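Undergrad: Give me a model of this one.
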Amino acid sequence: MTWKTIVPNEVWTKENFLPEHVVENLLSTNYDNLKKINNINTPPVMFDTKFDYNILSDKNFRTQYHRDIVFSILDEFSIATFFKKFTTNNLNHKQNFYKQNDPNSAVAFDLHAEDKKIYGDFVFMLYLSDEDTGAIEFPNKEDAQNDWSKGFEEMCDDFEVRFGHYTKSVLPKKNMCVIAKTGIAHKVYPCKGIRPNITGWPFFKEEELYTLDAWSDYKDVK
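TA: Take a look at the predicted model:
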């Protein structure tokens with residue numbers, strides 16, 4: 001299965017991303033040691049934006065055997081698209097981590113974007129479940145006006161935020177990977193399920209772990 005373009009030159013998806021036995025192994029992994037991250041108990045990493053999700057507080061997750069399989073596929077995409085190769089040695093927790101939704105939360109992640117200078121070229125999201133809610137949406141600029149918060153305006157003032165010509169959304173699908181260029185505006189809708197996924201920014205700047213005060217709240221997952 002090849003990569004499918006969702007937003008031209010910005011967002012792509014690939015179904016049947018991993019061998020099925022690897023997916024089942026990931027689903028059988030113990031994910032009990034979860035830490036809640038939201039805009040109430042966590043200092044804003046970027047700007048004040050409403051978000052709520054749980055991440056796995058276990059650095060050993062980043063050394064499991066799935067890592068090499070996932071990143072070898074991502075590396076092929078990166079070389080073909082960005083002409084850049086990355087290393088999987090000593091990954092930090094923003095490059096490869098397990099994340100899941102809180103079905104009881106009224107918010108998932110409001111409209112936002114990430115700064116390429118900090119997060120690198122792209123983010124990947126590998127979904128581990130089928131969901132009929134909890135889509136990630138990439139609005140065009142006109143549709144984004146409905147969710148344009150003060151925090152999002154500050155992002156637009158601070159770094160380049162991009163929009164596609166048309167609003168596109170992607171529902172979570174088991175064993176489907178989404179890649180999005182850093183800097184494109186997006187939001188995530190609340191989900192009735194836990195929406196387990198593996199995600200990260202492969203080119204996240206490691207030095208930012210120590211220069212941004214907000215990362216101190218993530219100290220137990222480094």
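Undergrad: where do the helices sit along this structure?
TA: Along the chain, counting by DSSP state H, helices occupy 20-27, 66-82, 116-119, 141-144, 150-158, 208-211.
Undergrad: Out of those helices, which is the most enclosed?
TA: helix 116-119 (a mean of 18; mean count of other C-beta atoms under 10 Å). Where C-beta positions appear, they are placed from N, C-alpha and C, glycine not excepted.
Undergrad: okay, the helices of the chain in a markdown table with mean pLDDT and distance to Asp48 next?
TA: Below are these laid out as a markdown table (pLDDT from 0 to 100; distance: least, C-beta to C-beta, whole Å):
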| stretch | mean pLDDT | distance to Asp48 |
| --- | --- | --- |
| helix 20-27 | 93 | 33 |
| helix 66-82 | 94 | 30 |
| helix 116-119 | 90 | 17 |
| helix 141-144 | 98 | 17 |
| helix 150-158 | 92 | 4 |
| helix 208-211 | 64 | 19 |
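Undergrad: Out of those helices, which gets nearest to Leu126?
TA: With C-beta to C-beta, the closest approach to Leu126 among the helices of the chain belongs to helix 66-82: 6.6 Å.
Undergrad: about what we covered before: which one of the helices of the chain lies nearest to Asp102?
TA: Of the helices of the chain, nearest to Asp102 by C-beta to C-beta is helix 20-27, at 18.5 Å.
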